[in-house]
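Participant: Structure, please.
(one chain, ligands or ions: 1)
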Amino acid sequence: MQRRQWLHAAALLGITTAAGFHRTALAQATTVQVWKDPNCGCCHLWIDHLQANGFKVEVHDVGNTAARKRLGMPDKLGSCHTATVGGYVVEGHVPAADIHRLLKERPTALGLSVPGMPVGSPGMDGPEYKGRKDAYDVLLVKKDGSSQSFQRYPGQGRMAQRSGIQRVSEGASALPWVNAEVRRIDKAARKIALQHGEIPNLDMPPMSMVFQVKQPEQLDALQVGQKVRFQAVQDKGAYWVVQIEAAAL
Ligand SMILES: [Cu+2]
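Facilitator: Down below sits the predicted model:
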């Protein structure tokens, strides 16, 4: 960590930088371990946000569903990355200010979560979203899996009325088709990374995201760089491709 970031982090936590002991304690308290998929772009932007706000980050590029399960964060509160800091679990695009507050107040809890990927949260606030800010809550998650609002972000404008992820049952034949380009295929892990357009049923803006497939054969006819169209749902804390096929030429 750079000295400037030290001073910033120390100021936020109200700790003097004069004593070496405190430096060590601070470094331990503010190292964030992050589990994510290597192809997750918004995860990387969230890590940048943490580093810009005084955290030291160690990244594990192995996906986050196993880490989420091991750490006890409920799948229904899941997002694209899972982290630990200071004995707490942090799921999704939680603002650094809320993590600083968590570490200062130290409530009895499992940690914090921002379920899904709300536009306007840190890492989901790039120029492609044109300043759109959706309403969302940072949830304080208890060890029994229950949760309550820790911090409310009201959002701005038209989109402020929308919140969270709209679930659509997988059986619905009305699932929208979404155009995409294949970025990476991992048949062994049953995963595909897609640069895709807006997915209305998931309230997910255009982005690069990793999806699971139920049957690896769904990936057989696909190649990296290919234009495709697909339908997706969210289930058990992950995003799943329901159908995928080559886009009509
Ligand atoms: Cu994300």
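Participant: what residues does the protein put near the ion?
Facilitator: Cys42, Cys80, Met117 (CB under 5 Å from the ion). C-beta here means a position set from N, CA and C on the backbone, and glycine is covered the same way.
Participant: what's the closest non-adjacent residue to Val59?
Facilitator: Spatial nearest neighbour of Val59, chain neighbours left out: Val34 (5.1 Å); criterion: CB to CB, 6 or more residues apart in numbering.
Participant: hang on, that neighbour packs against His44?
Facilitator: No - with contact defined as CB atoms under 8 Å, Val34 does not reach His44; the gap is 9.7 Å.
Participant: Between those two, which has more neighbouring residues?
Facilitator: Val34 (23 against 16; other CB atoms under 10 Å).
Participant: quick one, what contacts the more buried one?
Facilitator: Cys43, Ile47, Val57, Glu58, Val59, His60, His81, Thr82, Ala83 (CB atoms under 8 Å, 6 or more residues apart in numbering).
Participant: Next one: the third one from Gly126, what distance?
Facilitator: Val57 sits 19 Å away from Gly126 when distances are taken as CB to CB, to the nearest Å.
Participant: More neighbours: which of the two?
Facilitator: Between Val57 and Gly126, counted using other CB under 10 Å, Val57 has the larger neighbour count: 16 against 13.
Participant: what's across from that one in the sheet?
Facilitator: As for beta bridges, Val57 partners with Val32 under DSSP bridges.
Participant: what pLDDT does it get?
Facilitator: pLDDT for Val57: 97.
Participant: Test my guess that it contacts Ile47.
Facilitator: Yes - assessed by CB under 8 Å, Val57 is found in contact with Ile47 at 5.1 Å.
Participant: quick one, helices of the protein?
Facilitator: 3-13, 20-29, 41-52, 65-71, 96-105 (DSSP state H).
Participant: what pLDDT does the residue nearest to Glu128 when sequence neighbours are not counted get?
Facilitator: Once flanking residues are discounted, Glu128 sits nearest to Pro206: 6.6 Å by CB to CB, 6+ apart. Confidence at Pro206, expressed as pLDDT, is 86.
Participant: How about Ala96?
Facilitator: If you check Ala96, the pLDDT there is 97.
Participant: now swap in Ala188 and tell me
Facilitator: So, for Ala188, pLDDT stands at 88.
Participant: Let me know the distance separating it from the ion.
Facilitator: 23 Å (CB to the ion, to the nearest Å).
Participant: That residue: neighbour count?
Facilitator: 6.
Participant: I'd like the distance between it and Leu194.
Facilitator: Separation of Ala188 from Leu194 (CB to CB): 18 Å.
Participant: hang on, the earlier thing: a markdown table for the residues of the chain next to the ion, including neighbour count, pLDDT and distance to Lys143?
Facilitator: What follows is the residues of the chain next to the ion, written out as a markdown table (neighbours: other CB atoms under 10 Å; pLDDT from 0 to 100; distance: CB to CB, whole Å):
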| residue | neighbour count | pLDDT | distance to Lys143 |
| --- | --- | --- | --- |
| Cys42 | 24 | 94 | 28 |
| Cys80 | 26 | 95 | 23 |
| Met117 | 27 | 93 | 25 |
